[in-house]
Every structure is written in C-alpha cells, then in structure tokens.
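# Could you look at this predicted model? Sequence included:
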Amino acid sequence: MPRLEEYRQIVGADTIEELRLLAGYLKGRTMLHVNSTAVGGGVAEILNRLMPLFSELEIAARWELIKGGEAFYAVTKKFHNALHGDRQEIAPKDYQVYEDVLDQNLSQMNCEADLVFIHDLQPAALVKKRKGLKNHWIWRCHIDLSQPDSQVWEFLKPYVEAYDACVFHAPSFAQKLTIPQIMIAPSIDPVSDKNRELEPHEVEAILERLKIPTDKPLVTQISRFDYLKDPLGVIEAFQKVNPYVDARLLLVGGMADDDPEGAQVLAQVQEKAKNNPDVIVLCLSPTSHIEINAIQRASAVILQKSLREGFALTVTEALWKAKPVIASAVGGIPLQVVHKYSGLLVHSIEGTAYAIKQLLSEPAYAKKLGQNGREHVRQNFLLTRHLRDYLLLSLFILNRQSDFIHLSLPDGTLKSQTSTIINP
Amino acid sequence: MPLKAKEPFRFFTRLSLTAATGNKAKDLKSLVEHLKVASEAVIYQHTHRFLQQHQFLAPEPPNDFAYWVTNILQDEKLGERLEAIDTVRFSSLSDLRQAVIEVLEKGLTQNGSSREVPEGKEFHFMRSIRFSIPTPYQALDLAQFADCLKKVSISSLYLHIFEAKLRPPLGVNDFSYWFENELQELDLAQKVANLDPYTHTLEGLRSKIVTLIEKRLSEINYATP
C-alpha cells in the first residue's frame, strides 16, 4: 500500500505538505467511488492506488463495483464506442438492458457518503439514487466525448445533468451542460509496481521469463486488445518498415472484465502476426504490473496508435520511463505528447511507420524526447496531482461551487471576512 | 536587530481547478465576441494560469490567447502583439481583458476576413476556480520570513507575488507591502517589487528573494554592535 512519504523524493516536500493541508478541511468526510471493474484499465488502477492515500489523509473512502452481466457489458461497450464517435448499431432493448441492470444495482448498493464519485458510463445512471440522500454526486468521465454519437449522448445527458458536477480529461471533451465541467487529467503512480524504478537485472530476468528476445530493439505497444487501440494498424505500420530496420514489434495486451470484444480482437491480431517472426503477441493478466514495467523499460520505442482514446495512461507510463513515444493525436494524448518535444504525434499508418524508422535511426533525438516527456509527466500527471485535484474538487462542491474560495485554518484560528464556511 | 512586526506575515497558498465553459472560438471574430462577455474567472484562467502550470520553464508564452493565435491560427504577427501584453502590469482583470480585446480588434481590422481553424483546434474557454488557503507558516521578522519562504510551495509564492497585484492595495506584491509597512524595510521592499517575474522561474524567484533578505540580514547584523 502506498504511503505519502514515498512520494516526497519524487514530487517534493511542499507538494506533500499541501496535500495534508487540503485534507485537513475534509477530515472525517466520507467518500464513495463506484466503477465497473476492480482490475484492468486505467480507472481501476488509479482507484487501487488512491484509496489508501485517502485513508492516510483521514478521509473515509470506499470503493464499490456495480454488478453487470455479459449482456450489460456488451451494451456498455457499444455505448462506450458510440460515445467515442464510433458508429454502432444500438437497439431500443439495449437501453432497457442498461436501465434494468442499473436498477438492480440501485437496490443493492449503499450510496451513503458525503461525496459520491461515479466513474464512467457503466454506473452513470446510479445517480437516480441520490433523491432523498442529500449528498453530493460527481460523474467522472474517462472517455473521449469530443464527437459523441448523438443518440447515446442524448440518452446519457439527463443522467449527467442530475450530478452536481462532472469531470473530463480534456477541454475538447466538454459539452454544453447545466452543471460545472471540471478538467482533471488522470495520472500514474510513480511508486507502483507498474512504474517504480527497476534494476537492469530485474528487467532482464522478467524478459527472460516471458521469453521475449532482446537481440533486436523492441518497438512496443501495450494496450487492451481493442479495435480502438488499432493493433492491426500497428502491425501494418511495422511491416512497412520491417525490411529497413532490424527490430521486433511487441504487442502486449490484457483483457478487462468489462470488455467482451477482447478475445475476438486478440485472435485477429494473432492471425495477422503469424507469418512474421519479428512480431510477438503477448497476452498478460491484468495484474502483470511489474512485467509491463520491465517491458516498457526494455523497449527502444513505445507506440500508442489508438483511433480513439480517453487519455492513454500507457503513454504516461512510457514517458515517465523517459521512453520515446509515437502516439496518435487523439483524445488526451496531445496533452501528454507535445509533437517533437516530448514525443511524436501521428495521424496514420504511414506516419507511424515513418516515425518508427526515424526514432530507431536517431537514438540521440529519441533520448531527448523521452527526457522531456519524463519532466512533463512529473509536473502534470503523477498521482499526487490527481489526489490534490480530487481534494480541491471536493472542497469546491462542499463550498457551494463558488469560483473564489477562501478557506480559514481547519481549526478555525484564522478566519478572513470573505471566508466561506465549509462545514455548514 | 531587525524590527519585529506587529502583524505577522501569514503565508497563504493559491491552488486552482480548471472548469470548461463549453464555449469555443474557431476564428478571431468569435474569440473577441466570447472574450467580451466572459467572466473574470475566464480571463484569469487564460492569462495567469500559465505561470503556475509551467513553473519549471522560462520564458513561457504569457497567455493562452497568444499561444492559440500564433500556433493554431498561425498569425504570428498578431500572436506577438498578444504576447507583448504585460499581464502583471494590470491591476484589474477587466483592464487586462480590454487590452487583449483591443489588440485582437486591431488585428481583425488589419486582416480583414477572419481565418478559421480546423475542427478540433478551436480555442476552448475555461474558467479558473481559485482556492486561497492559509499555510501553517507565519513570520514576525526577516529571519523567520526567509525561513518560511524556503519551505512554502511555489503556489504560495505565486499568490503573494503575482496575484497580490490584483487586489488592494492594487499593483503591490504582498511581500513588499509587508516589508515596507510592518518592518520599515523600504529598500528591500523596492528591490523585491523590481524583480521581473518574466526572467525567473518561480523557483528562481524564490531563491532571489531569499538571497535579498539574507543579504539585508547580514547588513543588519554587521551594523548591530
């Protein structure tokens, strides 16, 4: 379990003190986070790391999961893709499946907490339960809503507007809504197994165990096996440069509980890769954190050729390891990769192929991109910044959503005339 | 010995959240239209936030309007004029807003028709939600002040040096005000007021102020028998 002290060396003592200061105003408050999966995907990973820190700061935070079934997750996957702007066939009964499953969850879930954070669309309709509870509800959206399918968005919008506020990763995801839309980027945890420093011998041992040869530079994409991550496009891009560069492509993925398409995509990827010995496809369990860490550190170049993205924490992870990254200019990726400064942004298979060739043949340039990327992540995308933003968001909600909030000392010894009372 | 203040200097810190307004501009004309009716929290967000977000780099584009006009709209000449607006010289956000609008309107007049950016590259208007938070640090004299200044976060420094100018007494940073009015350290107050924030990162500014105070402290100690 992470402890705040572990971050002091990485983010500085003043950042840790600031967190303790802020948490003082929320001491004793209760918080509930709800999402649809305990493992796999960025949301679960972040919650796993944040919950112990809330406890350490004396904020009683719980994490609950909604219960769905195969049919429910097939529907929410379609909704998810449609909200990302992908065309989907959605039948009226799909909306019914969604409502029915959420209604079942409503009757079983205890939503009593001062602040309820609902993550993503799967549990979004739980907000129906807020009637009579007199607490505060926040919808945390982790997907790219810049070009949502209008039918699905119109279905979801009344639920979203029943919240006190919603949270998006990037300004381009914002919508015309009656509630405040707060911008909070996600984060990675620098002390977790996925991101902590590893000794070269540890990296070597893990790659040996996974039977990944290191005789050639590794060009790696780590992502769920999902059409929107375009693993087939990655293979095509690699095949274009394969005759000219001596490298291997490594496609590493796992499958999340709430993604029923994974097995089908994996089969297609394996089929496309089978005739090229330089393409390695590896399916790891969602808890293979240290393995992912070692693979990223052993790679020469990291790819994230997504067609749509919420944020792409795999990019954040790679940048934190000072790796040169080639990534699509979609979703939250341009917030992380500033073209030719902290990585290369691409828009096509051809562009990806060219960028692979460029970075493999210019290692000094690749190294500089990686170094800049690491500093950018240190400043903006580490867990401590995320924690601070959640604390500020909680204070904003509890302070009746004023744009200018003056706080007195938590013990009440310093009050200004303009201060608002946060414990009404 | 240095004077003791009657009123201690309490270090506060400034933290902020960013909220989207849902408004966006695709050309100069719509940028000006939205700017005219935007709240002061929006003006603050696009003119002051950069200092906090990019504290580790200097120099930085002074405001988001300049960045968008230069890099997205690709009107470098107009972008340069927007960059030249001296944010910290303004003692009110409404004056700053007016200055930005004047430059943009001049650009509109000179450029004639307005160029549009491709979809996805629009200027998104956002507003800043500001939190003013007292830290446990307070000082009664220069030595204590220097000690606290070494420990507070750079968000605190930002609040007392930059944002202080936007509230009464207008145009004065909090440190200089306290040095002058509580410790009668007029020269030190002036030296701190004269520091050009654009030529330092916030960390650089911190160390510069600490050095000025320590120098003054050694002068006082030397002069005291």
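Looks like it came in fine.
# so what's B:Asp27 closest to, chain neighbours aside?
Closest residue in space to B:Asp27, ignoring its immediate chain neighbours: B:Ser114 at 4.1 Å, by C-beta to C-beta, 6 or more residues apart in numbering or on different chains. C-beta here means a position set from N, CA and C on the backbone, and glycine is covered the same way.
# What does the pLDDT read for residue 111?
Answering for chain A, as no chain was given. We have a pLDDT of 93 for A:Cys111.
# look at chain B instead
76.
# close enough to count as contact, it and B:Lys77?
No. Using C-beta atoms under 8 Å, B:Asn111 makes no contact with B:Lys77, being 9.1 Å away.
# List the buried residues of the longest helix belonging to chain B.
Ordering each helix of chain B by length in residues (DSSP state H) puts helix B:202-223 first. Residues of helix B:202-223 classed as buried by neighbour count (16 or more other C-beta atoms under 10 Å in any protein chain shown): B:Leu202, B:Leu205, B:Arg206, B:Ile209, B:Leu212, B:Ile213, B:Arg216, B:Leu217, B:Ile220.
# so how far is A:Val75 from A:Lys229?
21 Å (C-beta to C-beta, to the nearest Å).
# more neighbours, those two?
A:Lys229 (26 against 22; other C-beta atoms under 10 Å in any protein chain shown).
# mind listing what the nearest residue to the more buried one once chain neighbours are set aside touches?
Distance criterion C-beta to C-beta, 6+ apart; nearest residue to A:Lys229, sequence neighbours excluded, is A:Ser223 at 3.9 Å. Applying C-beta atoms under 8 Å, 6 or more residues apart in numbering or on different chains, one finds that A:Ser223 lies in contact with A:Lys229, A:Pro231, A:Val252, A:Gly253, A:Gln304, A:Ser306, A:Thr314.
# Can you report how many residues lie near the residue of the stretch 1-150 of chain A found nearest chain B?
In the stretch 1-150 of chain A, no residue comes nearer to chain B than A:Asp14, which is 3.8 Å away by C-beta to the nearest C-beta. Using other C-beta under 10 Å, A:Asp14 has 17 other residues around it.
# you'd agree it is up against B:Leu149?
No. The pair A:Asp14 / B:Leu149 is not scored as a contact, 11.5 Å apart, by C-beta under 8 Å.
# Pull up the overlap in contacts between those two.
With C-beta under 8 Å, 6+ apart, A:Asp14 and B:Leu149 have no common neighbours.
# Give me the residues contacting stretch A:394-401.
Under C-beta under 8 Å, 6+ apart, the answer for stretch A:394-401 is A:22, A:25-26, A:29, A:31, A:114-115, A:136, A:138, A:164-165, A:180, A:182, A:402, A:405, A:407, A:420, A:422, B:17, B:129, B:131.
# what number of residues lie near A:Asn195?
By other C-beta under 10 Å, the residues close to A:Asn195 number 23.
# Which residue is the nearest non-sequential neighbour of A:Pro52?
A:Met1 is the one closest to A:Pro52 (C-beta to C-beta, 6+ apart), at 4.3 Å.
# So for the one you found, what's the pLDDT?
80.
# how's chain A carved up into domains?
Chain A breaks down by automatic domain parsing into domains covering A:4-187+A:382-398, A:200-380.
# out of those domains, nearest to B:His160?
Closest approach to B:His160 among these is made by domain A:4-187+A:382-398 (14.4 Å; C-beta to C-beta).
# what's the span of that closest one from first residue to last?
24 Å (C-alpha to C-alpha, to the nearest Å).
# for it, the distance to its chain's centre please.
12 Å (C-alpha atoms, centre = their mean, to the nearest Å).
# Find the residue ranges of the chain scoring beneath the pLDDT cut-off.
In the absence of a named chain, this looks at chain A. A:256-259, A:410-424 (pLDDT under 70).
# wait, I meant chain B there
Low-confidence segments of chain B (pLDDT under 70): B:1-2, B:50-61, B:112-113, B:197-199, B:225.
# re earlier: report how many residues lie close to the residue nearest to A:Pro52.
The local packing of A:Met1 (other C-beta under 10 Å) involves 10 other residues.
# My read is that it contacts A:Phe54, right?
No. Contact criterion C-beta under 8 Å: A:Met1 and A:Phe54 do not qualify, at 11.6 Å.
# Now do the contacts for B:Arg138.
Actually, residue B:138 is Gln rather than Arg. Counting by C-beta under 8 Å, 6+ apart, B:Gln138 has contacts B:Pro8, B:Phe9, B:Arg10, B:Phe11, B:Gln144, B:Cys148.
# Between all of the residues you listed, which two are separated the most?
Counting by C-beta to C-beta, the most remote pair of the contacts of B:Gln138 is B:Arg10 and B:Gln144, 11.7 Å apart.
# where does chain B come near chain A, residue by residue?
Neighbours of chain A within chain B, by C-beta under 8 Å from any C-beta of the partner chain: B:10, B:13, B:15-22, B:39, B:41, B:53, B:55-56, B:120, B:124, B:126-136, B:151-155.
# Contact residues of the stretch 101-250 of chain A facing chain B?
Counting by C-beta under 8 Å from any C-beta, the residues of the stretch 101-250 of chain A that sit close to chain B are A:146, A:168, A:171-172, A:174-177, A:180-184.
# switch to 6 Å and redo it
A:Pro171, A:Ala174, A:Lys176, A:Pro180, A:Gln181, A:Ile182, A:Met183 (C-beta under 6 Å from any C-beta of the partner chain).
# which residue sits closest to the fourth one, ignoring its sequence neighbours?
Leaving aside its chain neighbours, A:Pro180 sits nearest to A:Ala165 (4.4 Å; criterion: C-beta to C-beta, 6+ apart).
# before we move on, what about the second one?
By the measure of C-beta to C-beta, 6+ apart, the closest residue to A:Ala174 outside its immediate chain neighbours is B:Ala20, 3.4 Å from it.
# who are the neighbours in contact with that neighbour?
A:Pro171, A:Ala174, A:Gln181, B:Met126 (C-beta atoms under 6 Å, 6 or more residues apart in numbering or on different chains).
# just checking, which of these belong to strands?
Of these, the ones assigned to strands by DSSP state E are A:Gln181, B:Met126.
# Reformat the contacts of B:Ala20 as a markdown table; add distance to B:Gln190 and neighbour count.
Below are those laid out as a markdown table (distance: C-beta to C-beta, whole Å; neighbours: other C-beta atoms under 10 Å in any protein chain shown):
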| residue | distance to B:Gln190 | neighbour count |
| --- | --- | --- |
| A:Pro171 | 41 | 21 |
| A:Ala174 | 45 | 23 |
| A:Gln181 | 44 | 24 |
| B:Met126 | 36 | 24 |
